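A.B. asks: fold the stuff below for me.
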Amino acid sequence: MENAPKITYWACWWRATWVLFLIGCVLGYLNSREAGLATAIGAGLILAPLKGLFWGWIYWLIKK
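C.D. replies: Prediction:
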């Protein structure tokens, strides 16, 4: 009987960070086109990894 592969917290953090960053970029673009996208990219580089710490932890708790 094989064990399911273990998922690491950092893999969950990485995935959550990218998802949050991409969602922010899409919403920024839809809000005010290029200016909104530029703002979302700038803010996302700082905020997405921090938000990813929390949401990655939630995702990790569900997956483990």
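
A.B. asks: show me where pLDDT drops low in this structure?
C.D. replies: Applying pLDDT under 70 to the chain picks out residues 1-2, 4.

A.B. asks: middle-most residue in it, spatially?
C.D. replies: residue 17 (2.2 Å; Cα atoms, centre = their mean).

A.B. asks: now do the contacts for the spatially closest residue to that one that is not a sequence neighbour.
C.D. replies: Sequence neighbours aside, residue 52 is the residue nearest to residue 17 in space, at 3.3 Å (criterion: Cβ to Cβ, 6 or more residues apart in numbering). Glycine gets a C-beta too; all of them are placed from N, C-alpha and C. By Cβ atoms under 8 Å, 6 or more residues apart in numbering, residue 52 lies in contact with 13, 14, 16, 17, 20.

A.B. asks: how about 6 Å then?
C.D. replies: Taking Cβ atoms under 6 Å, 6 or more residues apart in numbering, we find residue 52 in contact with 13, 16, 17, 20.

A.B. asks: could you identify the most distant pair in these?
C.D. replies: Farthest pair in those (Cβ to Cβ) is 13 and 20. Separation: 10.5 Å.

A.B. asks: sorry, back to before: out of the contacts of residue 52, which is most surrounded?
C.D. replies: Using other Cβ atoms under 10 Å as the neighbour criterion, residue 16 leads the contacts of residue 52 with 22 neighbours.

A.B. asks: helices along the protein, start to end?
C.D. replies: Taking DSSP state H as the criterion, the chain carries its helices at 9-63.

A.B. asks: any chance of the contacts of residue 52 in CSV, with distance to residue 39 too?
C.D. replies: Formatted as CSV, the contacts of residue 52 follow (distance: Cβ to Cβ, whole Å):
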residue, distance to residue 39
13, 24
16, 21
17, 18
20, 15
